[in-house]
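**Q** Generate a structure from the sequence data that follows.
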Amino acid sequence: MQVGLKGLIGSTWVRLAAGVGAFLCLAAAATSQGATSPDGVLNVRFGGDRTQTRVVIELGRSAKGRLIDDGTGGKPVTLALPGVPVPSDRQGQGLGLVSGWSLDSAAGAARLRLQLAGPAQVRRRFLLPPSDGVSVYRYVIDLDTGAAAPPQPAAAPVVVASARPVRANLAAPLAVTPVVNAAPLRKRKVIVIDAGHGGHDPGALGADSREKDINLAAAKLLKAKLERTGRYRVVMTRDSDTFIPLETRVQIARRADADLFISLHSDSGPDPSMRGATVYTLSDKGSDRVARNVMSDNDWFINVNLPGRDRAVNQILLDLTQRATRNHSAAFAEGVLDHIADRAQAHRSHRDAGFVVLLAPDVPAVLLEMGYITNPEDERLLNDPGQRGRMMSEVADAIDDYFDQQTRLAAR
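**A** Got it, this is the predicted structure:
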């Protein structure tokens, strides 16, 4: 790869005192299917119609919810519940203004996404403590279309996706149409594959090939292999010979709510004898330099925070989230190396760097240099369809193993 395009950017994050670690984390709420934690999400329930819809999240403890996205522009309504554990990823049908919901774990906490059936807005959110025979906390989200609602009859009973009904004293009356949701389905993970370089940027040059072409061929192959499993939704930063700015590649991953980002490249060096694969993750120094030079001028890097918060608090949240994300990235990088061990450099190279494409603070990311295009043998392997297919199969297996491990940890 060319040094100019993969240069390091950087900055200094606010360093946290001990004890701030649990202060804020992005999170996702889970349903009552399967094993649950007594302090986690116990249930997700719905009531209402296409004019007004209520979402009730039952919790084993008090929690402060943060609205990450209010659903503007067709995006899912996304609510974070800091510090709330999620036993396993789930998704299911919604009701009324909610066409579907998903519940997963992000950076060690929990996050609930509500896919909207049409234009809607969050009218209010509040937490109800245990009372009147109800032993759980209930976090309530009321959605409506913003239009004037017709007169409603007295509150009707709510039949929801669990055995326990929503109680009539949840707050102001909300007329509902009884419905039973289908059983939740396991959520597909979102993988973003980034084929390095493209368009007017050819990347590194070998004797007979260009890096951008090798990267794109490998990315398409990996996409096909992942989609055949049925476990993933795959997003490509580019699927043709086009130029995509580096920051845009990160934005693509964040807009897709990616669970994993992998950038594919072909290395280069001044010594033709240099060969082998290398896996990079974001380094502490790299993220420091990025924060100083990028965060101050690009708010999209820190929009994991609530708009309007004090900037110091934003930096704290970003630091916490990015540290957890780097741990996940490192775990995935080691898994990739385990699967491509015979292709990796002799010292099993997993290196830290500050590449721009690794910057999403809440998306685990690695950059895989598949081999040296400037080494004759590596260039031959990179261009061989059979060898390319074998390597992408190994990477796909590493992705499977990574999420299997995450599921096992979440179920503990």
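**Q** So which residues of the stretch 101-250 of the chain form helices?
**A** For the stretch 101-250 of the chain, applying DSSP state H, counting those that start in this stretch gives helices covering 211-229, 246-255.
**Q** Can you list the strands that whichever helix or strand comes after the shortest one pairs with?
**A** What it means is helix 246-255. On the C-terminal side of helix 246-255, the closest following helix or strand by DSSP states H and E is strand 260-267. Counting by DSSP bridges, the strands paired with strand 260-267 are strand 189-195 (parallel), strand 365-372 (parallel).
**Q** In its sheet, which strands sit next to the helix or strand that comes right after strand 260-267, and in what direction?
**A** Where DSSP H and E defines the elements, the next helix or strand beyond strand 260-267 is strand 278-282. When pairing is defined by DSSP bridges, strand 278-282 lines up against strand 350-353 (parallel), strand 365-372 (antiparallel).
**Q** quick one: which of the strands paired with strand 260-267 is nearest Pro129?
**A** Closest to Pro129 of the strands paired with strand 260-267 is strand 189-195 (C-beta to C-beta; 34.6 Å). (Each C-beta comes from the backbone N, C-alpha and C, glycine too.)
**Q** Just the C-alphas of that closest one, formatted as PDB.
**A** Extracted as PDB, the C-alpha positions of strand 189-195 are listed here (Å, rounded to 0.1, in the frame of the first residue of the first chain):
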ATOM      1  CA  LYS A 189     -24.700  -9.200  11.900                       C
ATOM      2  CA  VAL A 190     -23.700  -6.300   9.700                       C
ATOM      3  CA  ILE A 191     -20.200  -6.600   8.100                       C
ATOM      4  CA  VAL A 192     -18.700  -3.800   6.100                       C
ATOM      5  CA  ILE A 193     -16.000  -4.800   3.700                       C
ATOM      6  CA  ASP A 194     -13.700  -2.100   2.400                       C
ATOM      7  CA  ALA A 195     -11.700  -2.700  -0.800                       C
END
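**Q** tell me the mean pLDDT for it?
**A** For strand 189-195, mean pLDDT is 95.
**Q** which residues sit against that strand?
**A** 89, 212, 215-216, 218-220, 222-223, 226, 231-239, 249, 252-253, 256-264, 357, 363, 399, 403 (C-beta atoms under 8 Å, 6 or more residues apart in numbering).
**Q** For the buried ones among those, write the corresponding PyMOL selection.
**A** Remark: buried members of those, expressed as a PyMOL selection using 16 or more other C-beta atoms under 10 Å:
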select buried, resi 89+212+215+216+218+219+220+222+223+226+231+232+233+234+235+236+237+238+249+252+253+256+257+258+259+260+261+262+263+264+357+363+399+403
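**Q** Asp401 touches Gly335, doesn't it?
**A** Yes. Counting by C-beta atoms under 8 Å, Gly335 is a contact partner of Asp401 at 5.4 Å.
**Q** Would you map the strands across the stretch 101-250 of the chain?
**A** Along the stretch 101-250 of the chain, the segments classed as strands by DSSP state E, counting those that start in this stretch run 109-116, 121-128, 137-144, 189-195, 232-236.
**Q** about what we covered before: same list, the strands paired with strand 260-267, but as a markdown table with distance to Glu379 and mean neighbour count please.
**A** Supplementary listing: these in a markdown table, determined by distance: least, C-beta to C-beta, whole Å; neighbours: other C-beta atoms under 10 Å:
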| stretch | distance to Glu379 | mean neighbour count |
| --- | --- | --- |
| strand 189-195 | 17 | 25 |
| strand 365-372 | 8 | 27 |
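**Q** For those, please prepare TSV with the additional fields distance to Val77.
**A** Output for the strands paired with strand 260-267, formatted as TSV (distance: least, C-beta to C-beta, whole Å):
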stretch	distance to Val77
strand 189-195	17
strand 365-372	25
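**Q** Please name whichever of the ones you listed is nearest to Leu381.
**A** Leu381 sits nearest to strand 365-372 of all those, at 6.0 Å, using C-beta to C-beta.
**Q** now the angle between helix 211-229 and that closest one, please.
**A** For strand 365-372 against helix 211-229, the angle by axes from the mean of the first three to the mean of the last three C-alpha atoms, to 10 degrees is 120 degrees.
**Q** Which SSE is immediately downstream of strand 365-372?
**A** Next along the chain after strand 365-372, taking DSSP H and E as the criterion, comes helix 376-383.
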